[in-house]
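Q: no sequence on hand, only this structure:
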C-alpha cells in the first residue's frame, strides 16, 4: 500500500469550495413550493393527564390553516422500543412535550396561535432521578410498557420505569474479588448535556395528491427516517422519499427520527404545500434528545501487582420520558463496561430508566464518555492506592492483541499502548511542573453500536469521459465523510479525486445505508464503496479484454486508459470501453459502467441475554487523552496547559481530516469536562440558551496536539477504522485526573466548573 | 409467457394520478433559487455578415444584468457535425438566429432590452430551396464546412452547401430497370412542419461557485445534453448535472441540445442564480428544429406480375441553416429507401443541404414520413399502371420473414402482411361506397436511427419492505415510458407495479441512457431494466439459498416471500433477505439489493461508405394505415370517414398505452396530411402561431381504429419493439391514395388542404 495516491493524503475536502463560498445547500435551502409553517403547543407540566384541549381560539387566529392534537394523530414511533406518540395522547411525560401542532401561513402566526391553545392537565407526581424512579413506589411513567413493541434484544420491565436492563456476567466476579488484594469502590455521576449543533433540527414534508410523501430532514440517517415513518404511518417505503442535505452538525442529536412526524399529518391536509418546522435554539435544547444522565457505582478488585481481578458496575441511566436510542446506549455501555482493559471477571447491570426529564438519547460517544468516566477515574484511584504510576496501571491492564473484552470478544490490531505512550510522552509524563499544576491521562475504547445486520451499500457510475459519480446513503454533517469516501473510490478505481462527484443522500435515488452514527461510516460505507469500485474496475478490465482481445491479466489502468502491459499501444480509453458493444461475461454488462457494492459485518454475533457474552463489536478503536492543567485555588478556574489526543485510526484515509476529528472531538470533550451541564428543575431545563449554557468557544480552546496511530484493521477499507466519537471519551477523566494530580482532590462528576472545583478544594480544607 | 401478470395488461399509467391532479412537476416547477430571465436578440436577416453589434442601450435598460454576443461566447455545438455557434459570431444564417442574449430581473425587461440591441448586417444573397442550394453558383452558407468536426459516418462536401451525401447501391439498378416491364417516375415534395408540443422549449442553468453546473431542461435526452455541453464547454461530465422532468411532448423537437447553451454563460456570470429561458410559441415555431422539407425524385421499374425490380431514389433535403440531426435523418431515409418492400436493385442518393431556412431536424418518424410518402404514393401509381389492387402490389413486394432491406439486412419476425390485411379488412377494402368516396392504404416500416453503440442502463434497488425503485435515464414525454418500463420490471421481479417507484432522469443520479428518441426506449431501456431485474432477482435467490440453506433451484418467489417449492414453510421475506448477513457469492453482495443491467445492440454493423450496405437496424417495426375519405368537389374539403392503424408491436407491454400511441401517431399523421405546413418567405416563417398554423384538434379528429399485431421480436423485452413513431408514417399517403381513389387525382405533396385539393380537381377539369 506504499504506492497509494489518494488514500492517506491530505486531499482538500470535496465540499470545501461549496462551503467557503456559501454555495453549499443545507436542508432549508432545498424546500421548494408554497410553504406552511408549524409550531408546537408544548406541555407545561412534566407529568400529567390531559383532561382537555381547546383549539378553538387558535383555529380562529388569522393565517392559521389547521390545528392537530394527539387524538387525531395518535401514531407512534420508536427505533427499538415504540413508546412515543408524535403528539401526546392521554398524558404528557415531560415538560415541553408536543401536545398540539399548528400550521399557519407564517411562523409567527403559528407560534401565536399555539399559545392560544388551552390545555387542562391533571398533574401527576413527577420523578426526575432514575434512582428514585427505580423504586417500587415511584410514579409509573409508562403504564402500558408491557404492550409496547420492542426489538427482542432489549428487556423492559412492565410495571416499573425500567425500559431496559442489560446484564453482563463474565467469569466469576465473587471469585475475582476474593483474589484481589484490595477493592476500590466509588459512585460516579454524569449529567445531561446537549449537542448544540450549529444547525438546529428542521424538517419539512410534502404530500403529492398521488400519495407520495417527500420529507426533507436534518436527520443523520435518511434511511432510518424512512423506515420509522414507514412503520409509523403504515406506508410502503417507495412512497416515502427522504431528502437529506449537508447537516450543520449531528453528534447523535440528529440520529433516528425527530420532528419529521410533526409536519407530515399537516402536509397531508394540504397537498402541494411544503409544511415546515424549524426548531429555535430553545426548542432544540429542550425538545430533542439530551445525553442521558448516569448514576453509577463502580467497584474493582485489584492485586498488588496492579492486575484488576474483578469489576462490578451498576449503571442507572436517566432515559428521560421516552427512550428512543436510550435502551441501546445502556446496552452498549453495558457490553463495553470493562473499558479499554482486559478484566477476567465482570458483572454489570445497566438500566435505562424512565423519568420525567427530556428524552434521553445519543451524543457523540454513545454512552462511552459516561461509562468510561468512572473507569478512567477509578484507574487513577487504583494507582493512588497502589502508589503506582497511573500510566503503568493502564498499560498492565490495557487490552492487547488477542485480549478479551467484557463480552468475551477477542480484539485484534490493538494499538492502545501506543496511544497511551504517545500522549504521556507528549505531555512530559512524570515531570511535575509546579504546585498547582497537574497531569492526567485517560484511555478509551469504542466499537460502533450497531446491530449485526446493519448494512451499507454503494453505487459507482463511470461516465463516458472517465469521470465518476458515487451514490451512497451516508450523510455529511461536517465530519468529512464525502471526502474520505471519495478518496477510497479514487484509490480503488485509479481515478483522481477531482474527477469524482459524490452525492448527498436522497432515499429515492441513493442506495441503502443503515445509519450515519457510531463512527462506522468510513468502515462500512467505505467498504461498500471500495467493493463498488472494485466491481466497476473489474468490468472495465473485462470489457477492455474483449475489446482489445488480450487476456484481462495482461491489462492495467492508469485512470485514463487501459492498456496491455506487454504492449502499451494496445489500449482503450474509458469512453471507448463505455461505448463498446463488446460485452463482459453475461449479457447484463456493457456500455457506461455501473459498479455496486455492499457490506454487512460478518464478525458480529448476538449476545447471550443472561450473560451478555458474544461479539458486539465490528471493530474496536482505542485511544488515549493526556492533559496538563493549572488550577487557581482561589477561584477554582482550571486552565488547560496541554491537551493531547491519540487515536488508533488503523489507517487515516485523510490525515488532515482525521486530525480535525481528533481536535474537534477533544474540544467537545473539553467542553463537557469544564462547562456543559443541563440544569433541570423538575424536568424544566433552566439553561436552554447560549447565555446560560456555556460551551467551549474559540477563546477558551487551547492548542491541541493530535496523534494518529495506525495499526491497520484487517476488515477496514485500506486498514481504516472509524474515529469520529473516540477523541471525546477520554477528555473529562483526563482533565479530572490532572486536577487530582495538581490538588489531590477527587471528582466523581463533571463538568469541573470553577464553582465545583472551588467547593471540592474548600471541602478538602 | 401465458402466465404473465403485469406485461400485456392495461396497467393504469404510473403517472396518471400525478398528472390529473396537477401535481406532476414540469421543468419550470423545478427551478429553485433567485432567478434571472433571458431573452434573445434575433437576426432580422436570413443571411448576412454581422458588421457591428451595439449593446450599450440594452445594458442601460433598467433591470438588465448582462448582455452577451457571439464574440464573447463563441462556443460551438453539434451532435454529428459541429456547425453551429450558440450565438452567431461573424454571420447569421437564418432569420431569427440568436445574435445576442440579455439577462434581466424580469422577462419583460430582458425582452425590451433585447429589442434595443442594434445590429448592423451586410446582407448576403439567401438560398431557400435546397435544389437551388446544390447548384455550383449558389451562395455558400458555411464557408468553413471543411474544417467542421464531423462523425465519420457523414460526408459533408466542403465548398458546397451539402452537409451530407448518403449513397446506397444495392444490386444493379440499371439491370433492374432493364428487367422491368415498365417504369414509374415521379417528383415528390414534403414541406416543413413543426412539432407544436404543448410545452415549449425551456432551460435554466445554475453555476455553483465550486464550478458545478446544473442545467434544467425540457430536452428529451439529458445524457446527450450533458455530452454536448461537456464537449462544447470543455467541462468534465461529472461537473455538469442535467435535470429532466416530465416533458409536455417531444416528438423529436426536444432531441439533442437546444437552448441550454443560451443560459449557461449568463449563469456563470451570476453564480447562485437560476438563469432561465422559456420560449414563447412564436420562438418555438421559428427558433427550434423544423421538419426538413424534402424534394425527391423516385423511379421504380416493375414487372407485369407486380414485382418491383429496381428503385432509384434521389432525395434532396432542406437541412436549413444548421444541420444538427439533419445529416442523420438523411442517412436514415437513405438506408431505409425501399420502404417496407424488398427490392433487389436500389440506388439512392440522399442529400442534406444547407439553406437559409430555420434549422432542420427530427420529427416523429425521423425522415420516414417524408421518404415513404413517395414510396407509398408510387405503389398506388404502379398499381394503377398495372390495373392491380394496391393492396396486392404491396403484399407482393412487401417484406416477409428473411427479406432483405435496401442495405441487405435480413429482417425477421415480420408481420407486415398482417398489418396490411388488418387495415384493409377494417375499412372494407375493395368496396366502393359512393362517387366522392375513396379508400386508401399505405404500408410503413421504421427501425430506430441510432449508432451501433448507443446503450441503455438501469438500476433497480429493492427496499427492505420489498418495494422497489427503478432508476433509468429515459424520459417521460407523454408516451407512457415510465409505465411500460415499470411493467417490465414488475413482471421480471414478480413485484406488483404499485410497489415500484420509477424516477425521472437526473444525470447525477440516474444511469446512462443514450437518447429517448427513435421508438427505441421500450426495447433498449426495457431490456436493460429486465436485466437489472433479473440481476436483482438472482441476488434474492442466492442470498435466500444461503439464508434458508436450500439449493437455489428449489426456491420460488411470489413477490412477498421466497420459499422452497419442496417445503413452503422454509421461507424468507425480502426484509429478512435484505437484513441478512448471509452473503451471495463474492463479498460484494449483501443487504438491500441493487440490481443493474445494461444493453447495447449486438446485431448492428457499420454501413459501407460507398454502397450503404450493412445492418443499420436494431429491429424493424412494420405497420399499415387505411383510410376512407369523402371529398367535397366544390370546396376541396376532405372528410375522413374511416381511419385505421395497425402496427406490429411484437408484444404490447401495455395494450391500452400501445393503442394510445397508435391513435396519437395517427392523429399527428392526419394533421400533417390535411393541415400542417410551415410557410416560408425568404426564410421567414409566416405562420408561426396557432391562428395561422392549423393542427388537427379534437373537433376535426375522427374516430380511429387501431390494431396491434404481435409478431414477437426475439431481442425485445418479452418480444416487444418500439412503436412510438410508426403510426404517423402511413397516414398522409393513405389519405392521398384515398382521395386519388375518390377522384382519380394525383398528389405529389401534402397537406391536402381544401385549396390544394380544389386546385388539383380544377386543374384536372
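A: Here it is on my side, so go on. Small disclaimer: the values here were computed from a predicted structure and weren't measured. Numbering: from 1, shown residues only, chains lettered A, B, ... in the order given.
Q: per-residue pLDDT, residue A:113?
A: Reading off the confidence values, residue A:113 has pLDDT 98.
Q: do the one 5 residues further on as well
A: The score at residue A:118 is 98. That number is its pLDDT.
Q: again, but for residue A:279
A: So residue A:279 comes in at 97 (pLDDT).
Q: tell me how many other residues surround it.
A: Neighbours of residue A:279 under the rule other CB atoms under 10 Å in any protein chain shown: 20. The way it works is simple: take the backbone N, C-alpha and C, and place the C-beta from them, glycine included.
Q: residue contacts, it?
A: By CB atoms under 8 Å, 6 or more residues apart in numbering or on different chains, the contact list for residue A:279 reads A:200-202, A:259, A:287-288.
Q: just residue A:438 next, same as before
A: Here residue A:438 is in contact with A:628-629, A:631, A:737-743 (criterion: CB under 8 Å, 6+ apart).
Q: ok but it is inside a strand, no?
A: Yes. When DSSP: H, G, I helix; E, B strand; the rest coil is applied, residue A:438 is found to be in a strand.
Q: tell me if I'm right that residue A:29 and residue A:245 touch.
A: Yes. Counting by CB atoms under 8 Å, residue A:245 is a contact partner of residue A:29 at 7.3 Å.
Q: more neighbours, the two?
A: Between residue A:29 and residue A:245, residue A:245 has the larger neighbour count (other CB under 10 Å), namely 23 against 14.
Q: got the contact list for the more buried one?
A: Here residue A:245 is in contact with A:25-27, A:29-30, A:216, A:218, A:504 (CB under 8 Å, 6+ apart).
Q: for the stretch 51-200 of chain A, which spans come out with low pLDDT?
A: By pLDDT under 70, the stretch 51-200 of chain A contains no weakly predicted segment.
Q: quick check: residues of it near chain B?
A: By CB under 8 Å from any CB of the partner chain, no part of the stretch 51-200 of chain A sits against chain B.
Q: in the stretch 51-200 of chain A, which residue sits nearest chain B?
A: Residue nearest to chain B within the stretch 51-200 of chain A: residue A:151 (12.0 Å; CB to the nearest CB).
Q: what about that residue, neighbour count?
A: Count around residue A:151 with other CB under 10 Å applied: 13.
Q: report the contact partners of the residue lying closest to it once chain neighbours are set aside.
A: Spatial nearest neighbour of residue A:151, chain neighbours left out: residue A:80 (4.7 Å); criterion: CB to CB, 6 or more residues apart in numbering or on different chains. The contact partners of residue A:80, by CB under 8 Å, 6+ apart, come to A:150-151, A:154, A:323-325, A:327-328.
Q: now secondary structure too, for the residues you listed, in CSV please.
A: Shown next, in CSV, are these (three-state DSSP):
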residue, secondary structure
A:150, strand
A:151, coil
A:154, coil
A:323, coil
A:324, coil
A:325, coil
A:327, helix
A:328, helix
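Q: who wins on neighbours among the residues you listed?
A: residue A:323 (33 neighbours).
Q: quick check: that residue touching residue A:357?
A: No. At 11.9 Å, residue A:323 does not count as touching residue A:357 under the criterion of CB under 8 Å.
Q: find the nearest non-adjacent residue to whatever residue of the stretch 651-765 of chain A ends up closest to chain B, please.
A: Of all residues in the stretch 651-765 of chain A, residue A:715 sits closest to chain B, at 10.5 Å by CB to the nearest CB. Closest residue in space to residue A:715, ignoring its immediate chain neighbours: residue A:619 at 6.5 Å, by CB to CB, 6+ apart.
Q: that neighbour: neighbouring residues, count only.
A: 23.
Q: how close does it sit to chain B?
A: 16 Å (CB to the nearest CB, to the nearest Å).
Q: I'd assumed residue A:720 was in contact with that residue.
A: No. Here residue A:619 lies out of contact with residue A:720, judged by CB under 8 Å, at a distance of 9.5 Å.
Q: against which helices or strands is the helix or strand of chain A with the lowest mean pLDDT packed?
A: Ranked by mean pLDDT, DSSP states H and E, the weakest helix or strand in chain A is helix A:574-579, scoring a mean of 78. When contacts are defined as 3 or more CB pairs under 8 Å, 6 or more residues apart in numbering or on different chains; DSSP states H and E, helix A:574-579 sits against helix A:521-548, strand A:561-564.
Q: for the stretch 201-350 of chain A, what spans make up the strands?
A: In the stretch 201-350 of chain A, the strands defined using DSSP state E, counting those that start in this stretch lie at A:202-207, A:213-217, A:240-243, A:274-278, A:290-291, A:294-302, A:308-320, A:345-354.
Q: same thing with the stretch 401-550 of chain A?
A: Counting by DSSP E, counting those that start in this stretch, the strands of the stretch 401-550 of chain A are A:437-446, A:456-462, A:468-472, A:500-502.
Q: quick one: these as a markdown table, columns for mean pLDDT too.
A: Listed next are these as a markdown table, based on pLDDT from 0 to 100:
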| stretch | mean pLDDT |
| --- | --- |
| strand A:437-446 | 98 |
| strand A:456-462 | 95 |
| strand A:468-472 | 97 |
| strand A:500-502 | 97 |
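Q: nice, that's everything, thank you.
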